[in-house]
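Undergrad: heads up, no residue letters with this:
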C-alpha cells in the first residue's frame, strides 16, 4: 500500500481500506463504510451525533459533538478515519470559546487510544520524499 490520503491537520487518525470488487460497487461500498463508521463511533463515543459536512474538499464530516468533528477521507482504497477539534464558526463564536479548545484537546487526548483501537487496521510507517505513504497491516 503506497498511497497517501488526506485528513485534517491535527487530527487523530486511524487507517483502514475500502475493498471494492468492481468499479460499479464503489458508491455502495463507500455508503456502507460511512454507515459502519458512524455506528461504531456512536457506540464508542456516545456524545457524537450525526452531522453531514466537509472540512475542505476531501475530508467528510460524519458526526460531531461539542468539541470535535469525526469523519472519513478516501484516496483510492485507502481510508483515513479521523477525529479532530472542530473548526467551524459556531464552535469559535460560542460564549465560552476561550475555555473550549483546552477542553477539546483534553477530551481528544482521553479518547485517542480507544479511537485507534476501534478504527485502526493499518499503521502509517512514514512518508517518502514524494509524499507517498508507507502502511503496514496490523496483526489480528
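TA: Yes, it's here. Quantities reported herein were computed from a predicted structural model and do not represent experimental measurements. Numbering: from 1, shown residues only.
Undergrad: buried sites along the helix or strand of the chain with the lowest mean pLDDT?
TA: Within the chain, no helix or strand scores below helix 89-93, which has a mean of 77 by mean pLDDT, DSSP states H and E. Within helix 89-93, the residues that count as buried by 16 or more other C-beta atoms under 10 Å are residue 91. C-betas here are computed from N, CA, C, even on glycine.
Undergrad: Please name the bridge partners of the most centrally placed residue in the chain.
TA: Nearest residue to the geometric centre of the chain (C-alpha atoms, centre = their mean): residue 82, 1.8 Å. According to DSSP bridges, the residues that bridge with residue 82 are residue 13, residue 71.
Undergrad: Show the contacting residues for it.
TA: 7, 8, 11, 12, 13, 14, 59, 70, 71, 72, 73 (C-beta atoms under 8 Å, 6 or more residues apart in numbering).
Undergrad: For residue 120, state which of the residues you listed is nearest.
TA: Distances from residue 120 to those, taken as C-beta to C-beta, are shortest for residue 14 (3.7 Å).
Undergrad: counting residues per helix, which one in this protein is longest?
TA: helix 97-119 (DSSP state H).
Undergrad: From the contact counts, what lies against that one?
TA: strand 12-17, helix 26-44, strand 68-75, strand 78-85 (3 or more C-beta pairs under 8 Å, 6 or more residues apart in numbering; DSSP states H and E).
Undergrad: now the angle from it to strand 78-85?
TA: Inter-element angle recorded for helix 97-119 and strand 78-85: 150 degrees (by axes from the mean of the first three to the mean of the last three C-alpha atoms, to 10 degrees).
Undergrad: Since that was my last question, I'll sign off now.
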